[in-house]
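[1] Using only what follows, build the 3D model:
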Amino acid sequence: MRLSLGALGLLLWLSSTTGRLTGRCRARPEEGRSSSAAECGWRVAAKVREDGRFTTGGVLMPSGDASRVWFPELIDLLRQEWSASSTWLGRVRLRARLDDMLSRVRTERNARPPMIYCKTCGKRERAAEPRVSVRAMIFAAQRYGCVSEAEMKVLEKEWKKLCAAEGLDLYGEPKHGSNASSSCHT
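    Just a heads-up that it's a prediction; the model follows:
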């Protein structure tokens, strides 16, 4: 469905004045009829506030936080704690601290994961909570200026070798046996 600029303006106006936005507008502008919220049957699904935050169903969350992992607090901790001379055990511990902080920050900000559809059964549900992996931490260290690109590539290769040799998973923890379940929602 394509919206004209006038229809888009109406939707934005409705979103700022009413509660929820769903349904289709029954008024036809080409017939010279004006369309009010009552005529259109529109309800606003998400109300955008002046501070740039939006609320849906009573949940207040900044725009983009549903899928964000690297919050400013995590970046600060990474920059403070990253050391080129640290051991892999120290880096895995830093990853665990970053992961704990991510969970705490998302809880404090009421940042819930985005809604997705299950590829297996088509059920609509929340995505898994994001976690910080060791490899993501290495890429973030390069992105936020803790290491150069050449150092990042060396670290990534070392991490890959260590995982293969020690049997570690993405998070630096020992791999467990395959506990694949027949259900897609476990």
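[2] ok, the residue nearest to Ser67 when sequence neighbours are not counted - contacts?
    Distances taken as Cβ to Cβ, 6 or more residues apart in numbering place Pro114 nearest to Ser67, at 5.6 Å, with adjacent residues excluded. Glycine gets a C-beta too; all of them are placed from N, C-alpha and C. Contact analysis of Pro114 by Cβ atoms under 8 Å, 6 or more residues apart in numbering lists Ala66, Ser67, Arg126, Ala127.
[3] again with Ala84
    Going by Cβ under 8 Å, 6+ apart, the list of residues near Ala84 reads Val147, Glu151.
[4] what's the helix or strand for it?
    Counting by DSSP states H and E, there is no helix or strand that carries Ala84.
[5] Ok, Ile75 next?
    helix 72-81.
[6] Mind listing what's buried along that helix?
    In terms of neighbour count (16 or more other Cβ atoms under 10 Å), helix 72-81 has its buried residues at Leu74, Ile75, Leu77, Leu78.
[7] In JSON lines, list these along with pLDDT.
    Output for the buried residues of helix 72-81, formatted as JSON lines (pLDDT from 0 to 100):
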{"residue": "Leu74", "pLDDT": "95"}
{"residue": "Ile75", "pLDDT": "95"}
{"residue": "Leu77", "pLDDT": "96"}
{"residue": "Leu78", "pLDDT": "96"}
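[8] now the helix or strand following the helix holding Ile75: mean pLDDT?
    Proceeding N to C from helix 72-81, the next assigned helix or strand is helix 88-108, under DSSP H and E. Helix 88-108 shows an average pLDDT of 95 in the prediction.
[9] What are the contacting residues of helix 88-108?
    Under the contact criterion Cβ under 8 Å, 6+ apart, helix 88-108 has outside partners 65, 69, 71, 73-74, 77-78, 81-83, 86, 111-112, 129-134, 137, 158-159, 162, 171-172.
[10] quick one on the thing from earlier: ok, now how distant is the residue nearest to Ser67 from Glu129?
    11 Å (Cβ to Cβ, to the nearest Å).
[11] Kindly list the main-chain dihedrals of the residue nearest to Ser67?
    Phi and psi for Pro114, reported as degrees, to the nearest 10, are phi -70, psi 160.
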